[in-house]
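S.K.: A predicted structure for the sequence below; I have some questions about it.
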Amino acid sequence: MNFNRRNFIRTSGLTAIAGFAGIETVFAVMKNKSTKKSGKGLVLRFVQYDLLLNHTFTIANSSRNSTPDMLTSIEFDGITGYGEASMPPYLGESVETATKFFSLLDLGQFKDPFQMDDILTYVDSVMPGNCAAKAAIDIALHDLVGKIMGQPWYKIWGFDPADTPNTSFTIGIDTMEMVRQKTLEATPYKILKVKLGQKTDRDMIETIRSVTNVSLCVDVNQGWTDRQMALDMIHWLKEKGVVFVEQPMPKTAIDDMAWLTENSPLPTIADESLQRLPDVMKAKGVYSGINIKLMKCTGMREAHQMLTLAESFGMKVMIGCMTETSCAVSAAAQLSPKCEWADLDGNLLISNDPYSGVQVVNGKVILIDQPGIGIKEIKKVFE
Ligand code: MG
C-alpha cells in the first residue's frame with residue numbers, strides 16, 4: 001500500500017510529517033493496519049492496538065475497558081525488533097500524540113542499529129515528554145539489536161536469570177466480597193499488591209488476611225496526607241505481613257516523606273514521585289527505593305541507568321509496568337534479576353495479547369532464553 005502525505009493527513013487529521021531517508025518511518029494510523037515502505041536500512045512501523053481489559057478498570061471519577069496502545073517494529077536486514085507504547089489516559093499521551101511523535105522522527109542520519117546511544121539520545125531530543133512513544137522506539141531497537149547479537153538483554157547486561165524475583169498481583173479497591181474473591185483467584189502468586197488510600201484500608205487488609213497468609217505489599221497512590229497517621233498505619237501493616245509501602249504520601253510532600261522513611265519500619269517506594277533518571281537523585285534520602293516503569297522513563301536504556309544509579313545509592317528497586325502486552329512486559333523483565341521486587345502483571349490483565357514472552361510460574365518471573373526481549377508473535381499485527 002502506498003501511503004502518501006495526503007492520505008496520511010486525511011486519515012489521521014495530523015499535519016506534522018518529516019522527511020525520511022535511510023532509516024525509514026512508516027505510517028499506520030488506521031486501527032490495526034500498518035504499512036511498510038520499501039527501501040533499505042531500518043524500517044520503523046507503528047500501528048494502533050487498543051488493549052482490551054479483562055475487568056473494567058475504575059478510578060475515582062472514571063472507568064474504562066481498554067487502554068490506548070501503539071505497537072512498533074523496527075526492521076533491519078531481514079530482522080525485526082518489536083516495541084510498544086502503552087498510554088493510560090492519566091499519563092497524558094495518546095494515539096494522536098504518539099503518531100505525531102513517530103512522524104517527526106528522522107532516523108535517516110543513523111546507518112547502524114548498534115549506535116543505540118546516539119539513536120536514543122536523538123529520539124529523546126526531538127520533543128520533550130512523549131515518554132511512552134520514546135519507549136516504543138527504545139524497546140524495538142533493543143529487541144532488534146539483541147536479535148542481531150543472538151542474545152537476550154538480561155545476558156547482554158550480565159544478569160543471572162535464576163535471580164528473578166516473584167511478581168506481585170494487584171488487588172484493586174473494591175467491595176469486600178470482590179476483594180475476597182480476587183484474593184482467592186490470585187493463589188499462584190507469592191506476593192499481592194494491595195491498593196490502599198481510602199477509608200477502607202484496614203478492612204481491605206483484614207479481608208485479604210482472612211483468606212491468605214501470602215506476603216503483601218501496599219500501593220497507597222499518594223492517598224495518605226498526615227505523616228503520623230501514615231506511620232501508625234505502616235506499623236500496623238508490618239504486623240499484618242506487609243513488606244513495603246509504595247507512594248504513601250503525595251509526591252509534593254517531600255519533607256513529610258523523608259521523615260516517614262526515616263521512621264518507617266518498612267521500606268518506602270517512590271512511584272508517582274519518580275519518572276526519569278534525574279528523579280533517582282531526588283528520591284535519595286526521601287524514599288528507600290524506586291519503582292521503575294519503562295513507559296515513564298523512555299525505555300530499557302534509561303531504566304538500566306536508573307537501576308545502576310539506585311543500586312549505587314543503596315536503594316531498593318522494583319520493576320513495574322502499565323497495562324501492556326507481553327512485549328513491554330518482557331522488555332521490563334530483562335531487568336528483573338537485579339530488582340528486589342517485580343510488578344509485572346500488565347499482560348495478564350488483557351484479553352488480546354498478540355505476543356507471548358516472559359512467563360510467571362508459581363508467582364516467579366521466568367525469563368525466556370531467546371534473543372532480544374524474548375517475545376514471539378502469536379497474532380499478526382503488522383501486515
Ligand atoms: Mg504505584
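M.R.: Structure's in. What do you need?
S.K.: Helices along the stretch 101-250 of the chain, start to end?
M.R.: Counting by DSSP state H, counting those that start in this stretch, the stretch 101-250 of the chain forms helices over residues 116-126, 131-149, 153-156, 176-185, 201-209, 227-239, given from the N-terminal end onward.
S.K.: residues contacting the spatially most central residue of the chain?
M.R.: Nearest to the centroid of the C-alpha atoms of the chain, with distances taken as CA atoms, centre = their mean, sits C321, at 3.0 Å. Contact criterion CB atoms under 8 Å, 6 or more residues apart in numbering gives S86, K293, L294, M295, A328, V329, A332, D343, L344, D345, G346 as the residues in contact with C321. Any C-beta I mention is one placed from the backbone N, CA and C, and that applies to glycine too.
S.K.: Of the helices of the stretch 101-250 of the chain, which stretch is the most buried?
M.R.: The highest mean neighbour count among the helices of the stretch 101-250 of the chain, using mean count of other CB atoms under 10 Å, belongs to helix 131-149: a mean of 27.
S.K.: Look up how far Q198 lies from T212.
M.R.: 21 Å (CB to CB, to the nearest Å).
S.K.: Counting neighbours, go ahead and name the busier of these two.
M.R.: Neighbour count, other CB atoms under 10 Å: between T212 and Q198, T212 has more, with 16 against 13.
S.K.: can you tell me which residues contact the more buried one?
M.R.: The neighbours of T212, taking CB under 8 Å, 6+ apart as the test, are T183, L184, A186, T187, L192.
S.K.: Max pairwise distance over those residues: which two?
M.R.: L184 and L192 (11.2 Å; CB to CB).
S.K.: Give me the subset of the contacts of C321 that lies in strands.
M.R.: Among these, the subset assigned to strands under DSSP state E consists of S86, K293.
S.K.: For the nearest residue to D138 once chain neighbours are set aside, report the pLDDT, please.
M.R.: Using CB to CB, 6 or more residues apart in numbering and skipping residues adjacent in sequence, the residue nearest D138 is G299, 2.6 Å away. At G299, the pLDDT value in this model is 98.
S.K.: cool, and I59?
M.R.: The per-residue pLDDT reported for I59 equals 61.
S.K.: How about M1?
M.R.: 36.
S.K.: residue contacts, S94?
M.R.: Shown in contact with S94 (CB under 8 Å, 6+ apart): P68, M87.
S.K.: State the distance from it to L52.
M.R.: Look at S94 and L52: by CB to CB, they are 17 Å apart.
S.K.: Now do the same contact list for the spatially closest residue to T325 that is not a sequence neighbour.
M.R.: With CB to CB, 6+ apart as the criterion, T325 has its nearest non-adjacent residue at 5.0 Å, and that residue is D353. Residues in contact with D353 (CB under 8 Å, 6+ apart) are T325, S326, N347, I378.
S.K.: Swap in 7 Å and give it another go.
M.R.: The contact partners of D353, by CB atoms under 7 Å, 6 or more residues apart in numbering, come to T325, S326, N347.
S.K.: Could you single out the nearest of those residues to V218?
M.R.: Closest to V218 out of the contacts of D353 is N347 (22.7 Å), distances taken as CB to CB.
S.K.: Spit out the contact partners of that closest one.
M.R.: Per CB under 7 Å, 6+ apart, neighbours of N347: E324, T325, S326, V329, D353.
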